[in-house]
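> my questions concern the predicted model and sequence given below.
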Amino acid sequence: MKVMHLISGGDSGGAKTHLKNLVYKLSEYATITVACLMEGEFYVDFAKNYKDTVLFKQKNRMDMSVTRDIAKVLKDGNYDLLHVHGARANFVSVFLKKKINIPIVTTMHSDYLLDFDEFFKKLVFTNMNRYALRKIDYFIAVSDTFADMLRQRNFRPNSIQTVYNGMNFSAVPTKLTAKADFAKNYGIDYDENCIYVGILARLDLVKDVATFVRCAAEAAKQNPRLRFLVGGDGAERQNLEALAKELGVGKALQFVGYVSDNYGFLNFIDINTLTSLCESFPYSMLEGAAMHLPMVASRVGGIPALIRDGETGYLFEVGDYKQMAQHILTLASDADARSRMGENIYDLATSRFSDDFFAKRHIEMYENILLDYKDTKRYDVVLSGYYGFHNSGDDALLLAILNGLKEKKPNIRALVLSASPRDTRLQYGVDAVARGNLITLQKSMRRASVLISGGGSLIQDETSPQSLWYYLSIIRLAKHFGLKVIQLANGYGPVKYKFDEKLCQKILPNCVDAITLRDNYSVQFLGRLGLDTVPHQVTADPALTLQPNKRINVRPLLAAAGVPEQQPFVAVSIRNTKNAKSDFKAQLAAALDRIARDNGLNILFLPMQYPRDLDASRDVAEKMTAKSYIIEQPQDIAETMQLLNEAQLIVAMRLHTLIYAAALGKDAVAIDYDPKIKGFMHDAQMLHRIALSAFNADILVTEAKACLENANIIDNAALRTRAEKNNEIVLKLLEGEPIDGTL
């Protein structure tokens, strides 16, 4: 593979370090040329140390005559890809695009709206860069936060890939400037009994060094042994010095100026910090990790990927100098904690953010880009289901399907048909279009390979005949455009109306290539609908593959709902249903009152679909005499699972609440309003099921007591294995492998 990296040539700081770490290692795996547009600091340094460095010198930023020479080199050298960095190179690439027939990718090193501080530069150069970025086809974000930023600004999710910065830890100098010598070199009044807190940053507004100054003033009052050093220079220095004087920080804070000896600085200090308003994944953080320094940093960008509260350092909210000061004081008072966190940050950085991993990930991304660029198809799979309606169960299905496919095929290109395309793009990081826009649907189908219809109960008219007609029409449209069609983890039935049944019998056998079912109950419908000859298999719901993230802190959610801290609770997930008796909610409220009183538990209503379940939860809560609590706002799947994981008892009507419980290995009390509940409880060997027709308060209290006492652990390994089969069959279709008989 042959790649040209194009950059302005005047860069310093993070972008320079990024490309230096990348190119030196990347050149072991591919042929890499570094091209610059000016004879600045970057070019001079690279030309001296890297032989494949070339200069295409612009007379000024608007000089596009250089594109002729760049295009000639790219064509004559048979380059595969052009990788650009920074605003100037982005703009030049727009004029190159028509001259070359290779993909162009840019790395997002920063928030492009914050790159220029001065009014004129911001007005002109920021807008030039914004225009250029809209013309570039592919993006590499140096943190998940920057990838999210691009999606929020309506860049196509499938064009964005993420890699965190990496560095060569073996290249860290072993011979470091002694502390006394470093202090002498930079005019620091060194006292070995003091604890030094440092920041290495250019003094621009985006680095928010003012928060560091305010923190110094706050912390030094409480611990006179603390000393704060600002390493760096920039336009804000005068303002920062004035602020320090105004706050009366005195000798506790010193502006060191530009530091050429970064490792000498880091060796000198005891605690490393960053206060940025916006960041990617800064190298000063990795350099500090290489020196075994605990870090206190603002919670922005990719910083939390390395800084884990209480493990490798501490995080604070942007601008919160008091919180930052408290963390500094905690570390200053505990040498053992500083040592432990220093070792932890070093271990994490060297294992996950090495230059070798960094380079190999770029090769992988380049290969993905080249495959996509050359392919006449834009999408591998189109997903059709009840997506974009803010229903936690269907959201879980979508997440599980996407996760499973990406695990098997990391570069898979997916498109989701959604009721809320923007929300789906932001939440799942994949392309999404409006599920009801026929023109968009036709355009998408023309450029796709496989339609995944499901999961969930799509082939039924209980909800409404119109819903069934919609999914049948999507299946028929997909087959019209030559897509393979799989109905994935579907629950079939009921189909009550003769017209609907005949429609299914006409469309499905002729359009569906494979079927997986989430329960045995659905199998009986296959013969009735003429689908028994279509390759099929009972698998399991994809959401069973989801795993809890124990790092998720749900305390703010519980606090917002009013749940007393450290108090055990029952998670209750209910819905409205026309099949319930008139006194169902009153009986449920009475039972929950007794469960709360008898077991010393709080009752927490956890709606799974907003606002429908929220209304049902409020109705029951109003009928209770005991205090109860409601999660009023939608939460994401990880938060939902962690709430259920922390619950002492789960009472659920919603199928996917039960599926989450099984995925967590927890039993639950199910209120069975639909055959799919009975089928799942049987498959999962969950013991406590109450038929809605027989429901009353006494039965629920009895089942709740039994569930609390038995503590039945669900063995979900077999279910998860069955669930994983879904994606294997999708990939068979995608690879064109034959599918015959029962799968």
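Great, that's in hand.

> tell me the secondary structure for Gln161?
Going by DSSP: H, G, I helix; E, B strand; the rest coil, the secondary structure assigned to Gln161 is strand.

> please apply the same query to Gly10.
Once three-state DSSP is applied, Gly10 turns out coil.

> end-to-end on stretch 663-679?
16 Å (Cα to Cα, to the nearest Å).

> any buried residues in that stretch, and which?
For stretch 663-679, the neighbour count (16 or more other Cβ atoms under 10 Å) marks 663-664, 666-674, 676-679 as buried. For glycine as for every other residue, the C-beta is placed from the backbone atoms N, C-alpha and C.

> for the residues you listed, which one is nearest Cys36?
Ala663 (51.9 Å; Cβ to Cβ).

> how near is the closest one to Ile303?
When Cβ to Cβ, to the nearest Å is the yardstick, Ala663 and Ile303 sit 30 Å from each other.

> the longest helix belonging to the chain - contacts with which helices or strands?
With DSSP state H setting the assignment, residue counts place helix 355-374 as the longest helix in the chain. Contacting helix 355-374 under the criterion 3 or more Cβ pairs under 8 Å, 6 or more residues apart in numbering; DSSP states H and E are the following elements: helix 14-26, strand 81-85, strand 104-108, strand 138-141, strand 160-162.

> switch to 7 Å and redo it
With contacts defined as 3 or more Cβ pairs under 7 Å, 6 or more residues apart in numbering; DSSP states H and E, the secondary structure elements packing on helix 355-374 are helix 14-26, strand 81-85.

> looking at these, which is nearest to Thr702?
Nearest to Thr702 among the helices and strands packed on helix 355-374 is helix 14-26; the distance by Cβ to Cβ comes to 62.8 Å.

> which residues does the closest one contact?
If you take Cβ atoms under 7 Å, 6 or more residues apart in numbering as the criterion, helix 14-26 is touched by 5, 7, 32, 34, 42, 50, 85-86, 109, 165-168, 282-283, 355-356, 358-359, 362.

> ok, of those residues, which come out buried?
By the neighbour-count criterion of 16+ other Cβ under 10 Å, the contacts of helix 14-26 include these buried positions: 5, 7, 32, 34, 42, 50, 85-86, 109, 165-167, 282-283, 355, 358-359, 362.

> chain center to stretch 623-639: distance?
Once both centres are worked out by Cα atoms, centre = their mean, to the nearest Å, stretch 623-639 turns out to sit 25 Å from its chain's centre.

> what about that stretch, start to end distance?
Across its full length, stretch 623-639 reaches 27 Å between end residues, using Cα to Cα.

> flag every buried residue along that stretch.
Going by neighbour count (16+ other Cβ under 10 Å), the buried part of stretch 623-639 is Lys623, Met624, Ser628, Tyr629, Ile630, Ile631, Glu632, Pro634, Gln635, Ile637, Ala638, Glu639.

> just give me the closest of the residues you listed to Tyr346.
Using Cβ to Cβ, Ala638 is the member of these that lies nearest Tyr346, at 28.3 Å.

> tell me the contacts of Ala723?
If a contact means Cβ under 7 Å, 6+ apart, then Ala723 has Thr539, Ala540, Asp541, Pro542, Leu544, Thr545 as its contacts.

> switch to 10 Å and redo it
Contacts here follow Cβ atoms under 10 Å, 6 or more residues apart in numbering; on that basis Ala723 touches 400-401, 404, 455, 489, 516, 518, 539-546, 659, 663, 716.

> spatially central residue for the chain, please.
Ranked by distance to the mean C-alpha position of the chain (Cα atoms, centre = their mean), the top residue is Asp144 at 6.0 Å.

> you'd agree that one is up against Gln161?
No - with contact defined as Cβ atoms under 10 Å, Asp144 does not count as touching Gln161 (11.1 Å).

> show the subsequent helix or strand relative to the one helix or strand Ser473 maps to.
Using DSSP states H and E, Ser473 sits in helix 465-480. With elements assigned by DSSP H and E, the helix or strand that comes after helix 465-480 is strand 484-490.

> re earlier: give me the phi and psi for the residue nearest to the centre of the chain.
Geometry field for Asp144 lists phi and psi as phi -60, psi -30, criterion degrees, to the nearest 10.

> what's the nearest residue to it if we skip its chain neighbours?
Computed as Cβ to Cβ, 6 or more residues apart in numbering, the closest residue to Asp144 that is not its neighbour in sequence is Thr162, at 5.8 Å.

> number of residues surrounding the one you found?
Here the count is done by other Cβ atoms under 10 Å, and Thr162 has 21 residues near it.

> dump the residue contacts of it.
When contacts are counted by Cβ under 10 Å, 6+ apart, Thr162 touches 108, 139-148, 150, 281, 302, 361, 365, 429.

> buried among those? Make that a ChimeraX selection.
The buried residues among the contacts of Thr162 can be selected in ChimeraX (16+ other Cβ under 10 Å) with this line:
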select :108,139,140,141,142,143,144,145,146,147,148,150,281,302,361,365,429
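
> can you list the neighbours in contact with the lowest-mean-pLDDT helix or strand in the chain?
Using mean pLDDT, DSSP states H and E, helix 523-528 stands out as the lowest-scoring helix or strand of the chain, at a mean of 83. Counting by Cβ under 10 Å, 6+ apart, helix 523-528 makes contact with 459-460, 490-495, 501, 504-505, 508-509, 515, 517, 531-534, 536-538, all of which sit outside it.

> among those residues, which are in helices?
Among the contacts of helix 523-528, the subset assigned to helices under DSSP H consists of Glu501, Cys504, Gln505, Leu508, Pro509.

> could those be laid out in JSON lines, adding neighbour count?
As requested, the ones in helices among the contacts of helix 523-528 are exported to JSON lines (neighbours: other Cβ atoms under 10 Å):
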{"residue": "Glu501", "neighbour count": "17"}
{"residue": "Cys504", "neighbour count": "22"}
{"residue": "Gln505", "neighbour count": "15"}
{"residue": "Leu508", "neighbour count": "22"}
{"residue": "Pro509", "neighbour count": "15"}
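
> any chance of the residues you listed in JSON lines, with distance to Ala332 and pLDDT too?
Below are these laid out as JSON lines (distance: Cβ to Cβ, whole Å; pLDDT from 0 to 100):
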{"residue": "Glu501", "distance to Ala332": "74", "pLDDT": "93"}
{"residue": "Cys504", "distance to Ala332": "70", "pLDDT": "93"}
{"residue": "Gln505", "distance to Ala332": "75", "pLDDT": "93"}
{"residue": "Leu508", "distance to Ala332": "69", "pLDDT": "94"}
{"residue": "Pro509", "distance to Ala332": "73", "pLDDT": "94"}
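
> next, Lys75: phi, psi?
The phi and psi values for Lys75, taken as degrees, to the nearest 10, are phi -70, psi -50.

> distance check, the spatially closest residue to it that is not a sequence neighbour against Asp375.
Counting by Cβ to Cβ, 6+ apart, Lys75 lies nearest to Ile100, which is 6.7 Å off, once chain neighbours are set aside. Here Ile100 is placed at a distance of 19 Å from Asp375 (Cβ to Cβ).

> having no further points to raise, I will conclude here.
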